[in-house]
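Novice: sequence first, predicted model second:
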Amino acid sequence: MKWIVTTLFFLSLVIASSLMAGETGKISGRVVDEETGHPIQLVNITAIWKSTINLGVLPENLGVLTDEEGFYVIDNLIPGTYSIQARMIGYKDSRVDNVKVTNNQTTEVNFSLTASVIDGNFGVIVIKDKEVDFLTEDNVQVRGSFYPNHGENKTVIILLHMLSRNRGDWDAFAKKLQKIEYGVLTIDLRGHGESIKMGEKTLDFRKFSKEMYQGMLLDAKGAVEFLDKQEDVNTENLII
């Protein structure tokens, strides 16, 4: 125990001196779906310094989330050897060991994640998604895709795309969530994809005023109200 405490104290001095001297490096990369090649957003990427693993104590992990294009960057890493782990619901965990970080350099680590295998004995039923429409309180017709869940878990997730994108970005991920007993609703926000009608007016997000951008909140509200009317959906367990 004394050896561990002494070593940890020494390591803390190494880390502090490295940071003060500006001797740090970066790890960056991209995460995609192995089957489709599409980028995966919001994957938890964790860097674990190998020295702390060897000590047999809980490491201080440094983590970030991937952006909408699947990219990530972890900076301010002291030079050394790391293990990089990628974790995302609906996918198998993936880990790359012995990643070398050097001073003022960026090390690239990419991941291709494999969808989790669902045991058929669980009785998970995958229901084909269906296109749905609803009107917002300011009369925008919103188009979405609903992936119902007939399992015991009544939790439902609303997935919203980024600006200039559409609900199709979430198709593969929504199906994976459905396989692990989550209901999912994806929508095209106003002015995007198939949500381009407001009465007789055609909407284009590139021509939106500030008020119309803020109106996207009504799209999300309308999605919640739509789900509230569906059977086997508990909107008290709602994730957006």
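Specialist: Yes, it's here.
Novice: any low-confidence regions in this structure?
Specialist: 1-22, 50-62, 116-129, 150-153, 234 (pLDDT under 70).
Novice: which strands and helices sit next to whatever helix or strand Ala47 lives in?
Specialist: Using DSSP states H and E, Ala47 sits within strand 44-49. Contacts defined by 3 or more C-beta pairs under 8 Å, 6 or more residues apart in numbering; DSSP states H and E place strand 44-49 against strand 25-33, strand 62-65, strand 71-77, strand 80-87. The C-beta positions use only the backbone N, C-alpha and C, and glycine is treated the same way.
Novice: any chance of those strands in CSV, plus mean neighbour count?
Specialist: Putting the helices and strands packed on strand 44-49 into CSV (neighbours: other C-beta atoms under 10 Å) gives the following:
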stretch, mean neighbour count
strand 25-33, 20
strand 62-65, 14
strand 71-77, 16
strand 80-87, 19
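Novice: okay, how far is it across stretch 181-192, tip to tip?
Specialist: In stretch 181-192, first residue to last residue: 28 Å (C-alpha to C-alpha, to the nearest Å).
Novice: still on that earlier bit, what's the strand holding Ala47 in contact with?
Specialist: 27, 29, 31, 59-66, 72, 74, 77-78, 80-88, 99 (C-beta atoms under 8 Å, 6 or more residues apart in numbering).
Novice: and with 7 Å instead?
Specialist: For strand 44-49, the external contacting residues (C-beta atoms under 7 Å, 6 or more residues apart in numbering) are 27, 59, 61-66, 72, 74, 77, 80, 82-88.
Novice: need the phi and psi values for the spatially most central residue of the chain.
Specialist: The chain has Leu42 as the residue nearest its centroid, 2.1 Å off, counting by C-alpha atoms, centre = their mean. Leu42 adopts backbone torsions of phi 70, psi 30, taken as degrees, to the nearest 10.
Novice: quick check: it vs Asp204, distance?
Specialist: 28 Å (C-beta to C-beta, to the nearest Å).
Novice: and what of Glu35?
Specialist: Counting by C-beta to C-beta - Glu35 and Asp204 are separated by 33 Å.
Novice: repeat that for Arg30.
Specialist: Arg30 is 30 Å from Asp204, by C-beta to C-beta.
Novice: next one: Pro39
Specialist: Going from Pro39 to Asp204 by C-beta to C-beta gives 25 Å.
Novice: ok so, going back, am I right that the residue nearest to the centre of the chain is in contact with Thr66?
Specialist: Yes. Counting by C-beta atoms under 7 Å, Leu42 touches Thr66, with 6.4 Å between them.
Novice: what ranges do the helices span in this structure?
Specialist: Taking DSSP state H as the test, the helices found in the chain are 2-20, 50-54, 171-179, 210-214, 216-228.
Novice: now do the buried residues in the last one.
Specialist: By neighbour count on 16 or more other C-beta atoms under 10 Å, the buried set for helix 216-228 is 216, 218-220, 222-223, 226-227.
Novice: am I right that Leu77 is in contact with Thr24?
Specialist: Yes. Look at Leu77 against Thr24 with C-beta under 7 Å: they come within range, at 5.8 Å.
Novice: run a quick neighbour tally on Met88.
Specialist: 24 (other C-beta atoms under 10 Å).
Novice: ugh, wrong one, Glu194
Specialist: So Glu194, with other C-beta under 10 Å, has 16 neighbours.
Novice: ditto for Asp93
Specialist: 12.
Novice: bridging residues for the residue lying closest to it once chain neighbours are set aside?
Specialist: In this structure, Asp93 finds its nearest non-sequential neighbour in Arg87, 5.1 Å apart by C-beta to C-beta, 6 or more residues apart in numbering. Note on Arg87: beta-bridge partners Asn44, judged by DSSP bridges.
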